[in-house]
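Trainee: From the sequence below, what's the structure:
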Amino acid sequence: FADWTERYKWHLRSVIDQTFNPTHLVPLAQQWHAMIYNDVVADTKKVYSTAHFQQNLTATITSSAAGGGTISGLIPFINARYSYLNTHAYLTATRVALSDLAHSPALPSQTQPIGFTVQATGAASVDLWWRRVGAFQKATMYDDGQHGDGAANDGVWGVSIAAQQPGALVDYYVEAKTSTGAASYLPHTAELEIHCPHVRIDWPVVPSPIVINEFVAQNVTGAVDENGQHEDWVELYNTSSQTVDISGKWLSDSLAVLKYRFPAGTTIAPYSVLRVWCDEDGTQGPLHANFKLAATGEDVALYDASGLAIHDWITYGPQQADVSTGRVTDGALPWVTFPAPTYLATNLPAACGQRTYGALQPVQHGMALTLAGTLQIGTAATFSVAGGPASGLGLVVQSLIPAHFDLATYGYPGETLLLSPSLLVVPAVLLLDGTGASSWPYPIPNDPGVVGI
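Mentor: Presented below is the predicted three-dimensional model:
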């Protein structure tokens, strides 16, 4: 059990260094002492005096209350226990300092071995512990210049593992030992999954006319299923002119695990949509998936029937109630959010209609824009904004063509301007009221030439 003993010593040493020490605990004791002080003063049935409560934070007291005796001061007790443990022979062994743990390539494919390196100067041995599922397994690391570790004896240790299946999520950590057997781990929590580094094996992409088109991850008052329940849902769209059979394909809320398989005979007509309820209740019908969508953010993915390739996916952030995330037009980029989800309907506005959409992560944007009225020639609609700075200024721009602008070319991957700067009409300044709101009329000329804009 020598290995388990060394793990225990390391974890105890780690607890002392990370949390059980005066630097961490004394401010917490002071904070909590101050937080309950008024309640202690107001307590008419306490078995000690308020003065003793004050003194006992930093000093030992003698009290006749509650049986009497000596009560150690809380902060002195913390200091004494830390001093004892910090100098105990069981925990004072010299250990290897670990740093710069990394894997390569960053997003390996199913055919690429995965290399791991770590800086462990002075180590007698270093092991990589890794797993895809289940228990961790050990792979010996080397500092010989032949295992992706740089030069021999430079303190960098390396090892490679075989290529993994697509979509696999590999957890890993390293263990280093001195010549006396004292162990160190990186990260310091070792196998604790929440802190383990991960490497995800990339999925090969197989193009498909079927795409993820829209979804709601927090359905509170929106569409209901056959049982009258407000459930999360995902909508797929067929971008082609042919009916597509999706029998056997997979839908999931994970980029690592296949979850819901479409039953035999499931098809999507040309330029049409199919909705799947994500309610974790397959007893309610064939299009009820065995997962729910997390309102805090996760993934939605559509996989090939083989389970070895992916068709389409999106990783999303925190969602708002009854606001959908969808493609700005059916099957097309960019992704936006819709305050009014288009359940089983096109993402395009109706003739003489309007469709309000906003940023992909609306919780990061405080202001909201709405439009009231009918968009017809010879009428006037009203724009309104809310959620801005009180008595502040706002800037409104408009475009006569719904074109977006991808900022990835300018060093901002994943960021999109919903209106293209090259097509903007002269912006206008808004004066916001005391609540951060404003509205203004939008007259539409009585001119048949503007129909269709």
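Trainee: All the helices of this structure, residue numbers only.
Mentor: 2-18, 22-42, 50-55, 74-86 (DSSP state H).
Trainee: could I get the ones you listed as CSV with mean neighbour count, distance to Tyr271 and mean pLDDT?
Mentor: From N, CA and C alone the C-beta is placed, and that goes for glycine too. Putting those into CSV (neighbours: other CB atoms under 10 Å; distance: least, CB to CB, whole Å; pLDDT from 0 to 100) gives the following:
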stretch, mean neighbour count, distance to Tyr271, mean pLDDT
helix 2-18, 15, 57, 91
helix 22-42, 12, 60, 96
helix 50-55, 14, 73, 93
helix 74-86, 15, 68, 95
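Trainee: closest one to Thr329 among these?
Mentor: Nearest of those to Thr329, taken as CB to CB: helix 2-18 at 50.7 Å.
Trainee: Of the helices of the chain, which is nearest Leu251?
Mentor: The closest of those to Leu251 is helix 2-18. By CB to CB, the value is 40.3 Å.
Trainee: beta partners of Val300?
Mentor: Assessed by DSSP bridges, Val300 has beta-bridge partners Ile314.
Trainee: try the one 10 residues further on
Mentor: According to DSSP bridges, the residues that bridge with Ile310 are Val205, Tyr303.
Trainee: contacts for stretch 111-123?
Mentor: 96-105, 108, 126, 128, 130, 141, 143, 148-150, 155-164, 170, 172, 174, 176-178, 184, 186, 199 (CB atoms under 8 Å, 6 or more residues apart in numbering).
Trainee: Mark which of those are buried, thanks.
Mentor: Among these, those buried by neighbour count (16 or more other CB atoms under 10 Å) are 96, 98, 101, 103, 108, 126, 128, 130, 141, 143, 148-149, 155-161, 164, 170, 172, 174, 176-178, 184, 186, 199.
Trainee: hang on, the earlier thing: which of the helices of the chain sits closest to Phe136?
Mentor: So among the helices of the chain, helix 2-18 is nearest, using CB to CB, at 11.9 Å.
Trainee: Can you pull out the low-pLDDT segments for the stretch 201-350 of the chain?
Mentor: Scanning the stretch 201-350 of the chain with the threshold set as pLDDT under 70 gives 349-350.
Trainee: one step back: show only the entries of the contacts of stretch 111-123 found in strands.
Mentor: 99-104, 126, 128, 130, 156-161, 170, 172, 174, 176-177, 184, 186, 199 (DSSP state E).
Trainee: Any chance of the helices of the chain in JSON lines with distance to Pro443 as columns?
Mentor: Formatted as JSON lines, the helices of the chain follow (distance: least, CB to CB, whole Å):
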{"stretch": "helix 2-18", "distance to Pro443": "64"}
{"stretch": "helix 22-42", "distance to Pro443": "58"}
{"stretch": "helix 50-55", "distance to Pro443": "70"}
{"stretch": "helix 74-86", "distance to Pro443": "71"}
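Trainee: Out of those, which is closest to Ile444?
Mentor: Using CB to CB, the helices of the chain put helix 22-42 closest to Ile444, at 59.2 Å.
Trainee: Quick check: which helices or strands does the closest one pack against?
Mentor: Here helix 22-42 touches helix 50-55, helix 74-86, going by 3 or more CB pairs under 8 Å, 6 or more residues apart in numbering; DSSP states H and E.
Trainee: how about a cut-off of 6 Å?
Mentor: If you count contacts as 3 or more CB pairs under 6 Å, 6 or more residues apart in numbering; DSSP states H and E, helix 22-42 packs onto helix 74-86.
Trainee: correct me, but Pro427 touches Ser399?
Mentor: No. Under the criterion of CB atoms under 6 Å, Pro427 makes no contact with Ser399, lying 10.8 Å away.
Trainee: More neighbours: the two, which one.
Mentor: Ser399 (15 against 10; other CB atoms under 10 Å).
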